[in-house]
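S.K.: my questions concern the predicted model and sequence given below.
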Amino acid sequence: MVREAPSRVRQNFLRAELVGGAAVQNTAAVNALRTLPRDTWSSHPRFPAQTLLLQSHESFLEVSGVLIAAARGGESMELIETLFDRWISAMRSHEAYEEAKLYPYLERRWGLSFDAAEAGHRDLHRACDQVKAAFAKGPSSPSEVVAALEHHDAVLRPHLELEEDLVIPGLLELSPEEFAHYYDSDIQTLLHELEAREG
């Protein structure tokens with residue numbers, strides 16, 4: 001399910017900077033994917049194969065809401081902290097994949113910059129540190145935990161929207177064969193092949 005997004009979010013892809021020196025062979029394809037609004041994604045013929053990232057993001061937002069509700073409701077801080085730590089571990093694995101493979105490939109393939117998305121990860125790390133600091137004060141400061149979780153959520157939501165607006169159109173533009181090759185190959189092989197193609 002594609003989340004409804006305000007019009008400003010639909011322009012994230014248009015605002016992405018081109019990476020200097022990245023060779024993009026098909027200008028028409030690049031222009032098309034850069035103007036693909038999110039409310040048309042689900043009608044794209046390749047969309048069913050590109051829902052995993054969106055589903056992961058939906059899950060992250062759901063967990064964030066559950067944690068905030070639990071903290072507001074006076075649930076055990078120890079339990080909430082345990083759940084938060086597990087959730088953050090899953091998100092860190094997700095981020096590691098994005099920065100090690102997904103971003104570099106789409107950056108080289110389409111000439112995009114993911115600087116803003118990577119900065120979003122750093123913002124999330126700082127927000128996470130604030131949550132952990134609130135937990136460290138013990139059960140006597142539940143209001144600080146609530147505030148920190150709410151702040152983390154407020155950083156998370158626009159980051160995920162920005163990331164989706166950058167990534168999903170680029171993935172949709174890949175042929176099924178190219179996406180399967182991307183999925184099965186390591187990033188060094190993929191970048192080497194793109195470099196050879198550009199040469």
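M.R.: The structure has been received and is ready for your questions.
S.K.: what average pLDDT does the helix or strand hosting residue 153 get?
M.R.: Taking DSSP states H and E as the criterion, residue 153 maps to helix 142-172. When pLDDT is averaged over helix 142-172, the result is 95.
S.K.: residues of it that come out buried?
M.R.: The neighbour-count check on helix 142-172 (16 or more other Cβ atoms under 10 Å) flags 142, 144-146, 148-149, 152-153, 155-157, 159-172 as buried. Heads up, the C-betas are built off the backbone N, CA and C, glycines and all.
S.K.: same for that helix, what does it pack against?
M.R.: Packing partners of helix 142-172 (3 or more Cβ pairs under 8 Å, 6 or more residues apart in numbering; DSSP states H and E): helix 7-10, helix 12-15, helix 27-34, helix 52-72, helix 77-97, helix 103-110, helix 115-136.
S.K.: contacting residues around residue 167?
M.R.: By Cβ atoms under 8 Å, 6 or more residues apart in numbering, residue 167 lies in contact with 53, 102, 106.
S.K.: what about the nearest residue to the first one once chain neighbours are set aside, distance to residue 85?
M.R.: Spelled out, that is residue 53. Using Cβ to Cβ, 6 or more residues apart in numbering and skipping residues adjacent in sequence, the residue nearest residue 53 is residue 167, 6.3 Å away. Distance, residue 167 to residue 85, by Cβ to Cβ, to the nearest Å: 27 Å.
S.K.: ok, now residue 36?
M.R.: From residue 36 across to residue 85, the span is 37 Å (Cβ to Cβ).
S.K.: neighbour count: these two, which is higher?
M.R.: Taking other Cβ atoms under 10 Å, residue 36 and residue 85 do not tie; residue 36 has more neighbours (19 against 13).
S.K.: show the pLDDT at the more buried one.
M.R.: 79.
S.K.: that one belongs to a helix?
M.R.: No: assessed with DSSP: H, G, I helix; E, B strand; the rest coil, residue 36 is coil; it does not lie in a helix.
S.K.: from residue 167, how far off is it?
M.R.: Distance from residue 36 to residue 167, by Cβ to Cβ: 12 Å.
S.K.: neighbour count for the contacts of residue 167 - can I get that in JSON lines?
M.R.: Below are the contacts of residue 167 laid out as JSON lines (neighbours: other Cβ atoms under 10 Å):
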{"residue": "53", "neighbour count": "18"}
{"residue": "102", "neighbour count": "21"}
{"residue": "106", "neighbour count": "22"}
